[in-house]
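[1] sequence unknown, structure follows:
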């Protein structure tokens, strides 16, 4: 979608809100950004971007109808890409129709346990009919590429879900999401998610996605969190991922290895000045390839307005038996005044590189960054971040981002 069409649709929010004789509640955020960075293929690039998020509520006398929109426009000044735009969502939302239905119509981001996508279409939520709620959605499947939308008239998506409603300590849903590409089924996924609290000290959770066309679970997660005290949290997780692709994609004919990992982690808040965390991860990549990862960190607040973070991680595995990576980071954030914050940090990774013959052996990657944030007023703020990357690809790679936010 071209930039003119993006802003045309966003403008409709104001036009529609102006049709009512009562006062509509319009709020949102304008985020104006300037970015400079090195594009790997095109070299130095400078861009200006405008992100606009809008919400217009109370558009009807009963206050049940609202319109939400979010879009982006960008201007490239260096590599000839010109002016571009994206409309991420713009939809009308009518709540509590007959105290049973929520209806959304327009471009919207939809999130089911079976998958996520952006559609130009509608979503119907059925509620207050007992312990189970229902969701149905469908429309044109919106696909974005680097320069804009890639989708065409043959891209569609449809989904449905059923979920438990009204149980205070239990969440459970089952869903289905199917996509079409030029009339052919490209994705067909069943999904489920679960969350259960026990005795106010244990949280069990999990989710899974089953690819019907590939006849395999392409994602599964099971976890438990234990809270022996308010300041201490233990986490255990198991996750597996098996890459599957659209049936119409050329990559669907390639074999892929299943990835699995197990995580053990602890987070402990000692007091308001000190918190620590640590964890161990076992990674399995298939064909006997594996890695062990250990991480530990400390958050310090020596002063009320100063926060320091130190983290170290070590990774052993993948490639030769002695393949390893040692890394660490340091970050600091200082609230110099009530309206001005200064922050900075560095990250260093030392690793073995074995893929490219021209740069094998021990390598070190470093990142240094400095940032600041100024609160101009209650609804105005500005921030700046500049960083320099030094690694095997760049001896010097300075990039940055300036942001000016206006909330209304």
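    Structure received. What you see is a predicted model, and the numbers here were worked out from it, not measured in a lab.

[2] bridge partners for the spatially closest residue to residue 333 that is not a sequence neighbour, pull those for me.
    Excluding its sequence neighbours, the residue lying closest to residue 333 (Cβ to Cβ, 6 or more residues apart in numbering) is residue 343, at 4.2 Å. Every C-beta, even on glycine, is put in place using the N, C-alpha and C of the backbone. Judged by DSSP bridges, the bridge partners of residue 343 are residue 333, residue 371.

[3] my guess is residue 339 meets residue 375, correct?
    Yes: contact between residue 339 and residue 375 holds when scored by Cβ atoms under 8 Å: they sit 4.2 Å apart.

[4] neighbour count winner among these two?
    residue 375 (16 against 12; other Cβ atoms under 10 Å).

[5] please report how far that one lies from residue 407.
    From residue 375 across to residue 407, the span is 11 Å (Cβ to Cβ, to the nearest Å).

[6] three-state assignment of the residue nearest in space to the middle of the chain?
    In the chain, the residue lying closest to the centroid (Cα atoms, centre = their mean) is residue 116, at 11.4 Å. Using DSSP: H, G, I helix; E, B strand; the rest coil, the structure places residue 116 in strand.

[7] contacting residues for it?
    109-110 (Cβ atoms under 8 Å, 6 or more residues apart in numbering).

[8] report pLDDT for it.
    pLDDT, residue 116: 96.

[9] partner residues bridging it?
    The partner residues for residue 116, given DSSP bridges, come to residue 111.

[10] residue ranges with poor pLDDT in the stretch 201-350 of the chain?
    319-323 (pLDDT under 70).

[11] so where do the strands sit in it?
    202-211, 216-229, 232-241, 259-271, 274-286, 289-303, 306-317, 324-335, 340-353 (DSSP state E, counting those that start in this stretch).

[12] tell me which of the ones you listed sits nearest to residue 54.
    Comparing these against residue 54 with Cβ to Cβ, the closest turns out to be strand 340-353 (27.5 Å).

[13] the inter-axis angle of the closest one versus strand 306-317?
    10 degrees (axes from the mean of the first three to the mean of the last three Cα atoms, to 10 degrees).

[14] elements contacting strand 340-353?
    If contacts are counted by 3 or more Cβ pairs under 8 Å, 6 or more residues apart in numbering; DSSP states H and E, strand 340-353 sits against strand 324-335, strand 361-377.

[15] just the strands in the stretch 1-150 of the chain please.
    Using DSSP E, counting those that start in this stretch, the strands found in the stretch 1-150 of the chain span residues 25-39, 43-57, 65-76, 83-97, 101-112, 115-126, 132-142.

[16] okay if I get those strands as CSV plus distance to residue 179?
    Listed next are these as CSV, based on distance: least, Cβ to Cβ, whole Å:
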stretch, distance to residue 179
strand 25-39, 30
strand 43-57, 27
strand 65-76, 22
strand 83-97, 18
strand 101-112, 12
strand 115-126, 7
strand 132-142, 6
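
[17] relative to residue 316, which of those is closest?
    The nearest among the strands of the stretch 1-150 of the chain, by Cβ to Cβ, is strand 25-39 at 31.7 Å.

[18] just the angle between the closest one and strand 65-76, please?
    Angle of strand 25-39 versus strand 65-76, following the same axes, to 10 degrees, is 20 degrees.

[19] list the buried residues of strand 25-39.
    26, 28, 31, 33, 36, 38 (16 or more other Cβ atoms under 10 Å).

[20] give me the mean pLDDT for it.
    Averaged across strand 25-39, pLDDT comes to 94.

[21] who touches it?
    Residues outside strand 25-39 that contact it (Cβ under 8 Å, 6+ apart): 13-14, 17, 44-58, 69, 79, 394, 397, 399-408.

[22] apply 7 Å and report the result again.
    Here strand 25-39 makes contact (Cβ atoms under 7 Å, 6 or more residues apart in numbering) with 17, 44-58, 79, 394, 397, 399-408.

[23] quick one, what contacts residue 88?
    Applying Cβ under 7 Å, 6+ apart, we find residue 88 in contact with 70-71, 109, 118.

[24] highest neighbour count among those?
    Result: residue 71 is most packed of the contacts of residue 88 (other Cβ under 10 Å), 23 neighbours.

[25] I figured that one hits residue 86, correct?
    Yes: at 6.3 Å, residue 71 and residue 86 qualify as touching, with contact defined as Cβ atoms under 7 Å.

[26] give me the neighbour count for residue 101.
    15.

[27] ok, now which ones touch it?
    Residue 101 makes contact with 124-126 under the criterion Cβ under 7 Å, 6+ apart.

[28] out of these, which are buried?
    Among those, those scoring as buried are 124-125 (criterion: 16+ other Cβ under 10 Å).

[29] re earlier: quick one: buried ones out of the contacts of strand 25-39?
    Buried members of the contacts of strand 25-39, scored by 16+ other Cβ under 10 Å, are 17, 45, 47, 49-58, 399-401, 403-405.

[30] against residue 25, how distant is residue 395?
    53 Å.

[31] repeat for residue 153
    From residue 153 across to residue 25, the span is 37 Å (Cβ to Cβ).
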